[in-house]
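S.K.: Turn this into a structure:
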Amino acid sequence: MSSAPIASQASVLHVVCFEEAGDCTLERIAREAIAGDGVVVLGPESLASRLRALGLSDAVSIESHGRVGGQRWMGLADRVTGLASGFSEVVAHGPRTRRLLPAARPAAEPVLPPAPAPWSAERRARVRRELGLAAGEFAVLVGGDPVEWIDLSFAARASAMARVGGAPLRLVVSPRVPRIAEASRFYEGAALGKPIVVDDRADRPWELLPALDGLIQDADGAASQPVACAGWRTEARLSPQTVSPLPALWAIACGRPACVHRTIDLGPHAEHALVDQFENDVAELARALHARASSASAASR
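M.R.: Predicted coordinates:
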């Protein structure tokens, strides 16, 4: 089903699959697609509406296809390949989409998004009050794209370890992150801390990071919690996927430190002073969080 006809002579065709596209990916498409470009959404029309809500120009055409699998998925590949002939370039957003269109160019990652306009002290204080954050707390967004792939237990264990060591950490997550209640109970009990903060804006780091103090971005949770972190993925044998670096790049653009799993490709930004990389050692992430929360800059908040 189409929400608008695809233009026949556009310059770039963006292809995105709803299973692997969170608001960070959709915002990027909305920001980069210009008049005459086209978007193919492999998923429900609600995703096309979401692109419009995130700023996609009315001059960019969209064609959406419902959720498909098996032989219908391969037929869809033929359909999209046929559409691509009317464009000078095809950009595939996400690993499944790249498998569908092996000849397409992957989205040019990692590229820093534009930094949000500076927030006033009053606005920052207001948002922190809305989140229930106390003065002096080091609030960290647990980011992901899509957030349904996040294994929150790893971040909760590392943050609890850092908090026991004296770091005044709080975690902020999207309501769509799996197993929040379980992770929050552990965090409160292990660190004698406060519950994990849940807020819908966590899907869109640019809406919260200016009020927060840092970000954690882990690898695909399918590596440790394949059932809970499957999200909308339909593969019979779920295996971890390449994770978009966009949440971490938003943290850098906002001037906030980012603790990022080493498998996430940050390109040249991996060496940025705001970036701490970690692997599968909880203590390694805990040390990085403790250092950031205990730094002189954090103490001056």
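
S.K.: correct me, but residue 158 touches residue 282?
M.R.: Yes: between residue 158 and residue 282 there is a contact at 4.9 Å, judged by C-beta atoms under 8 Å. For glycine as for every other residue, the C-beta is placed from the backbone atoms N, C-alpha and C.

S.K.: who's more crowded, these two?
M.R.: Applying other C-beta atoms under 10 Å to residue 158 and residue 282 shows that residue 158 carries more neighbours, namely 26 against 18.

S.K.: The more buried one looks like it's in a helix, true?
M.R.: Yes: assignment of residue 158 by DSSP: H, G, I helix; E, B strand; the rest coil places it within a helix.

S.K.: Next up, the contacts around it.
M.R.: Going by C-beta atoms under 8 Å, 6 or more residues apart in numbering, residue 158 touches 216, 282, 283, 285, 286, 289.

S.K.: Per-residue confidence, the spatially most central residue of the chain, what does it come out as?
M.R.: Nearest residue to the geometric centre of the chain (C-alpha atoms, centre = their mean): residue 145, 2.6 Å. pLDDT, residue 145: 96.

S.K.: now it: how far from residue 250?
M.R.: Remark: distance between residue 145 and residue 250 (C-beta to C-beta, to the nearest Å) = 10 Å.

S.K.: Ok, residue 233 next?
M.R.: Residue 233 is 23 Å from residue 250, by C-beta to C-beta.

S.K.: so what sits against both of residue 145 and residue 250?
M.R.: With C-beta under 8 Å, 6+ apart as the test, residue 145 and residue 250 both reach residue 24.

S.K.: burial of residue 101, as a residue count?
M.R.: Look at residue 101: counted by other C-beta under 10 Å, it has 19 neighbours.

S.K.: Please state the offset of stretch 110-127 from the chain centre?
M.R.: 17 Å (C-alpha atoms, centre = their mean, to the nearest Å).

S.K.: for stretch 174-183, that is, sorry about that
M.R.: That offset, for stretch 174-183, works out to 15 Å (C-alpha atoms, centre = their mean).

S.K.: Within its local environment, how many residues does residue 233 see?
M.R.: Neighbours around residue 233, by other C-beta under 10 Å: 19.

S.K.: tell me the contacts of residue 272?
M.R.: So residue 272 contacts 252, 266 (C-beta under 8 Å, 6+ apart).

S.K.: Can you tell me how far it is from residue 112?
M.R.: Distance, residue 272 to residue 112, by C-beta to C-beta: 9 Å.

S.K.: joint contacts of the two?
M.R.: In contact with both residue 272 and residue 112: residue 252, using C-beta under 8 Å, 6+ apart.

S.K.: any idea of the mean pLDDT for stretch 176-185?
M.R.: On average, stretch 176-185 scores 96.

S.K.: Sorry, slip of the keys, the one I care about is stretch 117-137.
M.R.: Here the average pLDDT along stretch 117-137 is 96.

S.K.: How about it, which residues are buried there?
M.R.: Neighbour-count burial for stretch 117-137, with 16 or more other C-beta atoms under 10 Å as criterion, is recorded at 127, 128, 131, 133, 137.

S.K.: got those residues as TSV, with distance to residue 56 and secondary structure columns?
M.R.: Formatted as TSV, these follow (distance: C-beta to C-beta, whole Å; DSSP: H, G, I helix; E, B strand; the rest coil):
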residue	distance to residue 56	secondary structure
127	26	helix
128	31	helix
131	29	helix
133	32	coil
137	36	coil
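
S.K.: Can you give me the distance of the nearest residue to residue 202 once chain neighbours are set aside to residue 201?
M.R.: Once flanking residues are discounted, residue 202 sits nearest to residue 174: 3.9 Å by C-beta to C-beta, 6 or more residues apart in numbering. Residue 174 sits at a distance of 8 Å from residue 201 (criterion: C-beta to C-beta).

S.K.: Between these two, which has more neighbouring residues?
M.R.: residue 174 (24 against 18).

S.K.: In contact with that one, which residues?
M.R.: Residue 174 neighbours (C-beta under 8 Å, 6+ apart): 147, 198, 199, 200, 202, 203.

S.K.: Appreciated, that's everything.
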